[in-house]
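Peer 1: Following is a predicted model, sequence given first.
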Amino acid sequence: MKSFCLFVLIFLSQNIFSQDLTKYINPFIGTGGEGHNYPGATVPFGMIQPGPDTHLPDFNKSAFPWCAGYQYNDSFVVGFSQTHFSGTGHSDMGDFLIMPTVGEVKLNSGDADSSNGYRSRISKNEEWSEPGYYGVMLKSYNIKAEITATARTAFYKFSYPQSDNAHLIMDLTSSIYNYEGKIIWSEIRVLDDYTITGYRQTKGWAADRKIYFAMKFSKPIESYTLVDDEDFYYKGFGVKGKVLENYPFQYGRKVKAHLDFKTGAGEIVYLKIAISPVGTDGALKNLENEIPEWNFDKVKSDAKSLWQKELEKVNIEAPEKEKQIFYTSYYHSLLAPVIYSDVDGRYRGVDGNIHTAEGFTNYTIFSLWDTYRAEHPMFTILQPNRDVDMINSMLAHQQQSVHKFLPVWSFHGNETWCMIGYHSVSVIADAYLKGIKGFDEKKALDAMTTTATYEKYGGLKYYMLLGYVPQDKEKEGASKTLEYAYDDWCISQMAFKIGNTKTYDEFIKRAVYFRNNWDAGTRFFRAKNSDGSWNEPFDPLYAAYGGDYTEGNGWQYSWYVPQDVHAMINLYGGNEKFIGKLDSLFILKTEDEKYKQVEDIAGLIGQYAQGNEPSHHVAYLYNWAGAPWKTQEKIHMVMNNLFDNTPDGICGNEDCGQMSAWYIFSSMGFYPVCPGSLEYIIGTPKLNKVELKLDNGKIFSMIANNLSHENFYIQSAKLNGKPLERSYITHSEIMNGGELIFEMGASPNKNLWTDENKMPYSMTK
């Protein structure tokens, strides 16, 4: 009998995550409105992310909605490019656009009228997307286009009609955010009747980006034409079954090609395209290694299996709609950063040279001002091995950098210097303090301190001299001081654990510099000038690029002291005044004129802006002031009003997974307000049950009894069978496995978690 029971337990434990979870992912969520997502085919953290581009706006015109090259409500597809950002507020990419066509050759994309270019009309009822797959009917050509992918290679399946004039257009001039002069140089080479290679060098958001491709057809090319600047320099004709003796090629700033076939009715032409940061040899190796055969269905199935493997780490019980929002959020959180090394480990470093990743996989697309807040803390729980690889990639970047600076916002071997802070140090410290191994902690600490003392970056010279960033010397001085102080606290905590007291002493002093920007008269953190005067005029509702704050106003930024919330509450005058002003944040309205210069402020509830990262921790701050029920109220309001399972279902830029990671944590009932503190602050759960399957073999569960739309207030909680007497749980409590149970109700328990001696972490208490 004991043996039978043991068998049943083993069977249940092995099958607890065995349901098909990919069916809950809808890649179209966030592709409308301001989410800036794309619905293309990709695998988790895949370097190649092929998909449709519906608009290729001029850089100098309104391009913001098309940062991923796609908007759900567009009625045409320009073509399919191989690289995309997921949810960013700026863009680049859109490399190596291809488009299958029939009939007259057109080498310009045209405008919204598809008759004057190679773009095609589409219908939303003939467009499909699921994890690792995208498909659409190109109605202008009666071609069904389908895509799947591996980590570095896209696999296309084009079902052509009968035609003596079937083509594949390749446009190396096309980019997301197109403008004159972006393409520095490009090249296409025809190696044989089946194989094309090439590259391009661009000067866009990334100042000098090189990317290479190799593509192979299942059907021999019957003829081809290579074009530069629409002057026909070379017209070659392939010889079926033979390798061409003289490799035809074209190079220049505006290179395009049409590759021609004859097709029967419904004939399928397959195409593989691999990319590489190193060279065409690397792209060919990636292609041959990852997709050696022509089995589209197998590659599609393998991609789905990779997603299923990742999704199985989180099993939830919730209504169907909530499952769709949750699992699509998890899907989005695994689209960036991306692998940035070939199958042989080679990659192009930030110094422009070719390096080999020894002992780790190199990653890129580090949107760190966004992702240090929740996405990377989520990786420490569910992707610890990848998190280590990402940290080693950051450290390699720092060593290759001429400035010896850790990544700020980097991609494809380029640093954009976009946004503020040096939040790589938060990611590194958070992982190290959580006991994650696999990188040299002393070299990491040295990289962190070198970064934090680089005088030429973002007003650091003055910050170190004056204790704040002066607005007359460096714009956005208030927000920069606040974020530097948090990062400095992260450095101090890592130094303390390592035992480096000198570094600890230096940076713990800098961690309180936030006090220097507090104006007791207005009760806001404000920008100062170098002579100590406040920057005037001051309007806490006004937001502008280059103002006192970064993508926000005084109301949104005056809550950013995650390392010392207790001290911040004291600055406000104590719990009652702090709560009163925090309440005001969620109800205070202002005219749109105050925000017109900042596109990123979205998802507004009063002045709270869920659609932009500075607000993401704010609703959790009531916990420090003895009013956790107000946190529960606000988090419930945000999750129910600003997230949905529709194309417009993300209230602001998804930002490489941060918006989704916020939702993942918040729906589980807790959130990392201060990465590095090892604490997750309790909000209110949105899911009936969550089971996290950890890499160490343990399972951590959250159960919300009596949860409903009305019953969102926590009445009591137990952790591993014992009453939870604090409004947070720790990282070790999650990683050791166990069970967190919430009892939910329709009215707030105002006596729960009010003990001042059991408040979450603050550095001065």
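Peer 2: Perfect, I can see it now. Residues are numbered from 1 along each chain as shown.
Peer 1: Which residue comes closest to Pro760 once chain neighbours are left out?
Peer 2: Excluding the flanking residues, the one nearest Pro760 by C-beta to C-beta, 6 or more residues apart in numbering is Tyr728, at 4.7 Å. All C-beta atoms are positioned from the backbone trio N, CA, C, and that covers glycine.
Peer 1: Please apply the same query to Met659.
Peer 2: Per C-beta to C-beta, 6+ apart, closest to Met659 is Ile650, 5.9 Å.
Peer 1: The one you found bridge partners, please.
Peer 2: Beta-bridge pairing for Ile650 (DSSP bridges): Phe643.
Peer 1: Assign the residue nearest in space to the middle of the chain to helix, strand or coil.
Peer 2: The residue lying closest to the centre of the chain (C-alpha atoms, centre = their mean) is Cys656, at 1.0 Å. Of the three states, Cys656 takes helix under DSSP: H, G, I helix; E, B strand; the rest coil.
Peer 1: Please report the distance of it from Phe45.
Peer 2: Remark: distance between Cys656 and Phe45 (C-beta to C-beta, to the nearest Å) = 11 Å.
Peer 1: shared neighbours, these two?
Peer 2: 335-337 (C-beta atoms under 8 Å, 6 or more residues apart in numbering).
Peer 1: remind me which residues of this protein are low pLDDT?
Peer 2: Within the chain, the set of residues satisfying pLDDT under 70 comprises 1-18, 56-62, 113-114, 230-247.
Peer 1: make it 80
Peer 2: Along the chain, the parts satisfying pLDDT under 80 run over 1-18, 56-63, 112-115, 178-180, 229-247.
Peer 1: buried residues in the biggest helix by length in it?
Peer 2: Ranked by residue count, the top helix of the chain under DSSP state H comes out as helix 477-498. Neighbour-count burial for helix 477-498 flags 477-496 (criterion: 16 or more other C-beta atoms under 10 Å).
Peer 1: ok so Gln250 is a strand residue?
Peer 2: Yes. Gln250: assigned to a strand according to three-state DSSP.
Peer 1: Name the nearest residue to it, sequence neighbours excluded.
Peer 2: Leu226 (3.6 Å).
Peer 1: Pop out the phi and psi values for Ile741.
Peer 2: phi -120, psi 130 (degrees, to the nearest 10).
Peer 1: Mind listing the residues bridging to it?
Peer 2: Counting by DSSP bridges, the residues bridging with Ile741 are Ile703, Lys718.
Peer 1: I figured it hits Gln715, correct?
Peer 2: No. The criterion here is C-beta atoms under 8 Å, and Ile741 misses it with Gln715 at 11.1 Å.
Peer 1: Tell me which stretches of the stretch 401-550 of the chain form helices.
Peer 2: Along the stretch 401-550 of the chain, the segments classed as helices by DSSP state H, counting those that start in this stretch run 424-433, 441-452, 460-466, 477-498, 501-510.
Peer 1: what helices or strands is the longest helix of the chain leaning on?
Peer 2: helix 424-433, helix 441-452, helix 460-466, helix 501-510, strand 524-525, helix 554-557 (3 or more C-beta pairs under 8 Å, 6 or more residues apart in numbering; DSSP states H and E).
Peer 1: And the strands in the stretch 51-200 of the chain?
Peer 2: In the stretch 51-200 of the chain, the segments counted as strands under DSSP state E, counting those that start in this stretch are 51-53, 76-77, 79-81, 97-102, 120-121, 127-130, 133-138, 143-149, 153-159, 163-171, 183-190, 195-202.
Peer 1: hmm, back to that, identify each buried residue in the helix or strand containing the residue nearest to Gln250, please.
Peer 2: Element membership for Leu226 (DSSP states H and E) is strand 223-228. Buried positions in strand 223-228, judged by neighbour count with 16+ other C-beta under 10 Å: 224-228.
Peer 1: do stretch 616-628 as well
Peer 2: Neighbour-count burial for stretch 616-628 [16+ other C-beta under 10 Å]: 616-628.
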